[in-house]
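Participant: show me how the following folds:
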Amino acid sequence: MDYTHMSFLYDFAFMSLLLIIAQFLRSNIKFLQMFYIPASVLAGIFGLLLGPQFLNIIPWSGRIGSYAYMLVCVLFGGLFLGKKSGAGAKKTFKQVGDSFCVNMGAEFFCFGIAMLIGGALVMLLFPEVFIEISLLMPSGYLGGHGYASTIGTALNNLLGREDGVVIGQTFATIGLLTGLFGGIACINYATRKGATRLVDKAESLPEDCRTGIVPPGKRASMGEETINPMSMDPLAWHLALTLIATLAGYLFYDWYKQYLPSIELPVMCLTMIFGVIIQTILNHTPFRDSVDEHVEGRIGSMVTDYLVGFGVASISITVVMEFAAPILLLCLLGTLTSLVLVFVVGRKLFHNFWFERSIFVFGWTTGVVAIGVTLLRIVDPEAKSGTLSDYGYAYTLQSVVEVFIIALTPILAVSMGCIATGLIETAIALALFLVSAVLFGIRKEKMNELRPGEAEVLKQ
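Facilitator: Below is the predicted model:
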């Protein structure tokens with residue numbers, strides 16, 4: 001069947017139906033609430049089961065596998081729209097240097113260990129499997145379905161393959177579930193050992209976090225109406241800016257490929273750059289305060305739900321079964337790497353509230369930042385540890401480095417080899433950990449001992 005505009009509409013309409021059904025189930029089934037399974041993951045699983053590979057009830061167009069990458073480009077197009085100028089790099093590093101070093105080091109560490117050790121294991125145990133599969137694991141684990149689509153697409157283009165995105169989405173889905181189930185297991189262990197400072201046991205989050213339904217009186221505003229609806233709908237204004245940045249990124253990609261066909265720049269990075277350019281231009285016009293960061297954030301979150309849903313629904317069972325053994329091996333390695341970041345790196349380098357900060361790292365290095373936030377809220381329900389605010393400040397520096405990781409790692413992995421690239425990125429990670437140790441010290445307290453500043457917070 002030919003792909004038409006109606007095929008596109010049907011795909012998104014069916015996924016919308018599945019998201020609604022998933023949210024209804026999340027709000028009524030205790031098991032899903034207990035482990036905070038996102039509605040988008042449930043919708044994707046339903047889409048996979050009801051699609052052509054199993055029950056063949058939903059007539060997916062056959063193009064849903066390409067939607068995840070398209071949506072992540074839209075997501076990154078609006079990432080910096082509405083952002084206000086923050087503190088300089090020097091001031092930011094002084095305030096949250098240990099958080100930056102550990103978080104940035106964690107990202108390099110996950111990619112580095114996966115390619116260095118994972119690549120060596122794949123080469124040794126599965127010589128018939130392409131070694132770059134070791135890069136797809138941290139792409140899915142650490143970056144979720146967005147990174148998986150981006151780096152999977154880059155590897156497809158560089159290697160002439162067609163399964164990179166599918167394998168990446170598989171890793172991303174397993175990573176989300178690992179982050180949730182594994183994170184809650186870590187929290188239960190830490191509370192028994194007295195490592196948590198702000199809770200004595202792993203209490204459930206508020207009911208609205210479990211069911212997904214926010215009751216009247218607790219509902220927050222999605223953002224401000226910065227444009228008068230009589231002129232243009234405010235949501236249309238924000239969405240239009242996001243899609244303009246996305247369009248610019250795709251157009252630039254098509255233009256430079258005519259002259260540099262061998263150079264592969266991820267479109268998501270280009271759309272993000274054009275989003276920054278658009279915001280910079282707006283800052284010099286009467287519209288400088290007309291972009292609301294919260295509205296752009298909601299657009300990004302909306303896109304992410306569809307991205308995850310289509311990512312899971314488009315997983316090819318045939319491809320997964322073909323690479324089942326290396327996928328499981330690499331997932332085990334990825335999980336162990338994240339546990340090392342919690343109970344070794346985070347425990348020794350975070351100056352206070354080490355477990356609260358570390359479990360957040362576990363969440364986003366196995367799933368996505370949202371999983372990290374979910375786990376953090378279980379052990380820090382009132383946000384007293386400062387983890388999220390420190391991460392936010394540190395991310396202003398980290399996000400710049402991430403662009404280069406996403407853009408250059410696939411190119412280096414193919415040109416230099418995964419093991420060599422993994423060695424370089426592991427070395428960078430260890431250097432960042434060393435910087436944190438030298439500048440901010442190595443903590444020697446036991447798991448259950450208070451650290452500087454914690455007693456004051458606990459008295460509040």
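Participant: so for T396, what's the pLDDT?
Facilitator: For T396, the pLDDT comes out at 69.
Participant: and if you look at the one 4 residues further on?
Facilitator: In the predicted model, V400 carries a pLDDT score of 79.
Participant: which helix or strand contains it?
Facilitator: helix 387-415 (DSSP states H and E).
Participant: now the element after that helix, going C-ward?
Facilitator: Toward the C-terminus from helix 387-415 - assigned by DSSP H and E - lies helix 418-440.
Participant: check which element follows that following helix along the chain.
Facilitator: Using DSSP H and E, the helix or strand that follows helix 418-440 towards the C-terminus is helix 454-459.
Participant: what does that following helix contact?
Facilitator: Residues outside helix 454-459 that contact it (Cβ atoms under 8 Å, 6 or more residues apart in numbering) are R197, L198, N352, F353, K384, S385. C-betas here are computed from N, CA, C, even on glycine.
Participant: go with 10 Å
Facilitator: Under the criterion Cβ atoms under 10 Å, 6 or more residues apart in numbering, residues R197, L198, H351, N352, F353, W354, E356, K384, S385, G386, E445, L450 lie in contact with helix 454-459.
Participant: run the chain-centre distance for that helix.
Facilitator: 31 Å (Cα atoms, centre = their mean, to the nearest Å).
Participant: just the buried positions in stretch 125-135, please.
Facilitator: V129, F130, I131, E132, I133, S134, L135 (16 or more other Cβ atoms under 10 Å).
Participant: quick check, nearest of those to D11?
Facilitator: Proximity of the buried residues of stretch 125-135 to D11 (Cβ to Cβ) peaks at I133, which lies at 27.8 Å.
Participant: relative to G146, how far out is that closest one?
Facilitator: Counting by Cβ to Cβ, to the nearest Å, the gap from I133 to G146 is 19 Å.
Participant: give me the below-cutoff pLDDT ranges for the chain.
Facilitator: 1, 85-95, 202-205, 396 (pLDDT under 70).
Participant: distance check, I167 against L329.
Facilitator: 13 Å.
Participant: so what sits against both of these two?
Facilitator: With Cβ under 10 Å, 6+ apart, I167 and L329 have common neighbours I133, M137.
Participant: of the two, which one has the most company?
Facilitator: I167 (29 against 18; other Cβ atoms under 10 Å).
Participant: need phi/psi at the more buried one.
Facilitator: In terms of degrees, to the nearest 10, the main-chain angles of I167 are phi -70, psi -40.
Participant: wait, isn't it in contact with T153?
Facilitator: No. When contacts are counted by Cβ atoms under 10 Å, I167 is not listed as touching T153 (11.8 Å).
Participant: for the residue nearest to I133 when sequence neighbours are not counted, list the residues it contacts.
Facilitator: Spatially, and ignoring its direct neighbours in sequence, I133 is nearest to P326 (5.8 Å; Cβ to Cβ, 6 or more residues apart in numbering). Going by Cβ under 10 Å, 6+ apart, P326 touches 118, 121-122, 125-126, 128-131, 133-134, 136-137, 167.
Participant: let me know the closest of the residues you listed to G77.
Facilitator: L136 (23.8 Å).
Participant: does that closest one touch G175 like I think?
Facilitator: No. Judged on Cβ under 10 Å, L136 makes no contact with G175 at a distance of 11.1 Å.
Participant: overlap of the contact sets of these two?
Facilitator: Common neighbours of L136 and G175 (criterion: Cβ under 10 Å, 6+ apart): A148.
Participant: SS state for T196?
Facilitator: Secondary structure assignment for T196 (DSSP: H, G, I helix; E, B strand; the rest coil): coil.
Participant: wait, doesn't it sit right on L450?
Facilitator: No. Assessed by Cβ under 10 Å, T196 is found out of contact with L450, at 12.0 Å.
Participant: the two: which has the busier surroundings?
Facilitator: Set side by side, T196 and L450 show more neighbours around T196, with 22 against 11, by other Cβ under 10 Å.
Participant: how far off centre is stretch 443-456?
Facilitator: Put simply, stretch 443-456 sits 30 Å off its chain's centre (Cα atoms, centre = their mean).
Participant: ends of it, what's the gap?
Facilitator: 18 Å (Cα to Cα, to the nearest Å).
Participant: residues of it that come out buried?
Facilitator: R443, E454.
Participant: try stretch 417-429
Facilitator: Buried, per 16+ other Cβ under 10 Å, within stretch 417-429: G417, C418, I419, T421, G422, L423, I424, E425, T426, I428, A429.
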